[in-house]
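Asks: Sequence and computational prediction follow.
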Amino acid sequence: MAFDFTTQQNYFINYPSLLKELLSRPSFFNNEENRYLYLSTWVKNLQNHGQLLENNFSTPQQKLELYKSIEKEPEIFQQVLDFNTNKIYLHFRISQLKDLLKRNTNPNIPIVSIDEFTGDSPSYHWSYPDDMKANSIVSSEPIVAVEFPTNISSFLVIDGNHRIADAIQKDKRNIPCITLGTREVKEHLLTASSFDLQFLIFNNEIANLGNKKSQENLTDEQLLGLSYLSTGTWNF
């Protein structure tokens with residue numbers, strides 16, 4: 001089980017099927033036993049955090065406290081991750097994010113080419129808003145993305161999809177963009193739950209371990225030693 005913050009309902013994850021799909025993907029481990037140990041331990045960790053989340057909202061009083069907390073923080077971004085036999089919902093606290101940005105005293109906001117959001121191989125994954133209209137008034141705030149490498153992009157936009165669509169409609173060449181790393185997301189509590197954080201770390205760690213393997217030819221033992229599961233810290 002895990003929790004969908006947009007519907008405020010638990011949803012089912014078939015963890016054995018998730019593990020099976022992960023094992024079917026290309027591996028950077030030399031030894032198959034090490035690979036199985038790594039992936040099965042991560043899936044078990046995700047399952048434990050999903051169960052913890054379910055338990056936290058299992059009674060009427062706990063659900064009431066949840067509804068009160070969501071009322072105080074109404075803006076949560078959800079990204080749906082499609083697996084063969086599962087859907088996983090990843091949530092980020094946009095209200096918390098905006099409070100963080102208000103405290104940012106750095107006037108130098110990075111500028112990113114709009115090409116990084118378009119074309120066949122964009123660096124940033126984003127979604128065209130269903131309610132986007134021509135000549136819509138959009139915010140001038142920078143968009144915000146987080147590190148989230150996949151087979152199609154390197155970063156996930158969690159705030160600013162309307163601004164990207166508007167920039168494309170107006171043929172702008174650049175757009176201000178703040179990109180947050182995994183450590184920053186963790187330190188500033190920008191995920192909605194521990195399950196969301198653990199899945200983010202898991203996804204990003206796999207990509208970083210793969211890079212370490214290809215660039216430095218680390219042994220399986222060295223790779224496992226870098227894992228969040230081994231150290232309890234983000235090591236990239």
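Replies: Ah, there it is.
Asks: okay, residue 161: pLDDT?
Replies: We have a pLDDT of 95 for residue 161.
Asks: er, residue 72 I mean
Replies: Value listed for residue 72 in the pLDDT field: 68.
Asks: next one: residue 98
Replies: 90.
Asks: mind listing what's buried in stretch 53-60?
Replies: 53, 57 (16 or more other CB atoms under 10 Å). Every C-beta, even on glycine, is put in place using the N, C-alpha and C of the backbone.
Asks: could you give me the average pLDDT of stretch 54-67?
Replies: Mean predicted lDDT for stretch 54-67 stands at 73.
Asks: Only alpha carbons, please: show it as CSV.
Replies: The C-alpha trace of stretch 54-67 is given here as CSV (Å, rounded to 0.1, in the frame of the first residue of the first chain):
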residue,chain,number,x,y,z
GLU,A,54,-1.0,3.6,5.6
ASN,A,55,-0.9,3.0,9.4
ASN,A,56,-0.6,6.7,10.1
PHE,A,57,-3.9,7.3,8.4
SER,A,58,-5.8,4.2,9.5
THR,A,59,-8.1,5.6,12.2
PRO,A,60,-10.8,8.3,11.8
GLN,A,61,-8.9,10.6,14.1
GLN,A,62,-5.7,10.2,12.1
LYS,A,63,-7.6,10.9,8.9
LEU,A,64,-9.1,14.0,10.4
GLU,A,65,-5.6,15.2,11.3
LEU,A,66,-4.6,14.5,7.7
TYR,A,67,-7.5,16.6,6.3
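Asks: Please name the residues that touch residue 36.
Replies: Going by CB atoms under 8 Å, 6 or more residues apart in numbering, residue 36 touches residue 23.
Asks: Then residue 158?
Replies: Each residue near residue 158 by CB under 8 Å, 6+ apart is listed here: 77, 79, 92, 94, 97, 144, 145, 146.
Asks: For residue 224, state which of those residues is nearest.
Replies: residue 146 (25.1 Å; CB to CB).
Asks: Which residue lies nearest the spatial centre of the protein?
Replies: Against the mean C-alpha coordinate of the chain, by CA atoms, centre = their mean, the closest residue is residue 200 at 4.6 Å.
Asks: Give me the distance between the helix or strand containing it and the centre of its chain.
Replies: Assigned by DSSP states H and E, residue 200 falls within helix 194-216. Chain-centre distance of helix 194-216: 11 Å, with CA atoms, centre = their mean, to the nearest Å.
Asks: contacts for it?
Replies: Contacts of helix 194-216 (CB under 8 Å, 6+ apart): 2-3, 28, 42, 45-46, 49-50, 52-53, 88, 90-92, 146-150, 182, 185-186, 191, 218, 223, 226-228, 234, 236.
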